[in-house]
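Colleague: can't give you the sequence, but here's the structure:
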Ligand code: ADP
Ligand code: MG
């Protein structure tokens, strides 16, 4: 009987589906931190506190003072493909960090997740989901905002746990995520606290900055990259062809031995984009010797219809509808700014 050898097609169960999604969204503790902090930013938080222990493997806790959720919201927040951030099918019109509605469902399927939240005019409530098993909504105590606690990440998927690097390397990756988001959101205050052997230590702190976007960003970059960077950086503010390049780009004299001080954002979203980083290198090409690297923090803003952020679950890559326009804005915009600065400098010397 041949039919006994025929493979049987079955739908995957919900827990398996969530774990597969988690594999894409949550690669390591730093990706969980990124998702949770982005949620806090989307919730309109003004202060975000992140705590973690053992490289984020045993504990990640994100506390925010954002809009919070009601008890009725909580089961939806942890349900897969449920989001408050996108209306209908308009995937081309995205103004928040999140939109896939996958992060909390994924985290709850591979770790032990507790959500405690309070929306204005409502009582605080909490829900627990561990290894995909969802508990009841219960009353909780919280004055405002949301606390998301994620313990034992990947305990439900031991194979993934084995791929994690040392606690130190994972801690560094977490700090890097916070640094980038802090540069993207200078008006928000951030603290990052690491607990080792029961002892808590603040390893990164960025106080909320006031003023307009440039003032706030200047203050934030002084804190993160140092006054040496900001006092040697040109303010970049170049609108062109419906796009807008903003940020600070260091003078060639403040070049670095590596690309460690290059940060690019698209519509305020930290990205690791080869196209944009390549354009940055080209812009400085005539100003720097081969072994030196530019330092810059740049945001490229454009109509959300001209850039697709839905290329990768972790949203680290983007795709432009007109990649050449994005590239050329960075190259010619920065070149013009840099040669103008050179001109001014030599005029000063001559005068
Ligand atoms: P997404 O961010 O793509 O919508 P998530 O799984 O990260 O998906 O979150 C699901 C939903 O839970 C969000 O759309 C939001 O309504 C709610 N939520 C998550 N985190 C917070 C938070 N810190 N404050 C308020 N609401 C939150
Ligand atoms: Mg999210």
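Modeller: That came through fine. Note that the structure is predicted; figures quoted are calculated from it, not measured. Residues are numbered from 1 along each chain as shown. Ligands and ions are numbered 1, 2, ... in the order given.
Colleague: can you count the residues close to the residue of the chain found nearest ligand 2?
Modeller: Using C-beta to the ion, the closest approach of the chain to ligand 2 is made by residue 98 at 2.9 Å. Every residue, glycine included, has its C-beta placed from N, CA and C. Residues lying near residue 98 (other C-beta atoms under 10 Å) number 20.
Colleague: residues contacting it?
Modeller: Applying C-beta atoms under 8 Å, 6 or more residues apart in numbering, one finds that residue 98 lies in contact with 35, 38-39, 42, 83, 85.
Colleague: one more time with 10 Å
Modeller: When contacts are counted by C-beta atoms under 10 Å, 6 or more residues apart in numbering, residue 98 touches 35, 38-39, 41-43, 83-86, 104, 315.
Colleague: show me those that map onto helices.
Modeller: Counting by DSSP state H, these place 35, 38-39, 41-42, 104 in helices.
Colleague: quick check: of these, which lies closest to residue 160?
Modeller: residue 35 (15.5 Å; C-beta to C-beta).
Colleague: that closest one - how many residues pack around it?
Modeller: 25.
Colleague: pretty sure it contacts residue 106?
Modeller: Yes - between residue 35 and residue 106 there is a contact under C-beta atoms under 10 Å: 8.1 Å.
Colleague: touching both of these two, which residues are there?
Modeller: Counting by C-beta under 10 Å, 6+ apart, the residues touching both residue 35 and residue 106 are 25-26, 100.
Colleague: up against ligand 1, what does the protein have?
Modeller: Contact residues, the chain versus ligand 1 (C-beta under 6 Å from any ligand atom): 35, 39-40, 43, 64, 66-69, 77, 83-85, 98-105, 146.
Colleague: list phi and psi for the residue of the chain closest to ligand 2.
Modeller: The phi/psi pair for residue 98 (degrees, to the nearest 10) reads phi -90, psi 170.
Colleague: point out where the stretch 201-350 of the chain drops to low pLDDT.
Modeller: Counting by pLDDT under 70, the ranges of the stretch 201-350 of the chain that qualify are 310-315, 342-350.
Colleague: all the strands of it, in order from the start?
Modeller: Secondary structure of the stretch 201-350 of the chain, counting by DSSP state E, counting those that start in this stretch: strands at 233-240, 243-250, 262-266, 269-271, 296-302, 307-308, 319-320.
Colleague: now render those as CSV, adding mean neighbour count and distance to residue 329.
Modeller: Below are the strands of the stretch 201-350 of the chain laid out as CSV (neighbours: other C-beta atoms under 10 Å; distance: least, C-beta to C-beta, whole Å):
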stretch, mean neighbour count, distance to residue 329
strand 233-240, 16, 5
strand 243-250, 22, 5
strand 262-266, 22, 12
strand 269-271, 22, 15
strand 296-302, 22, 7
strand 307-308, 20, 13
strand 319-320, 16, 11
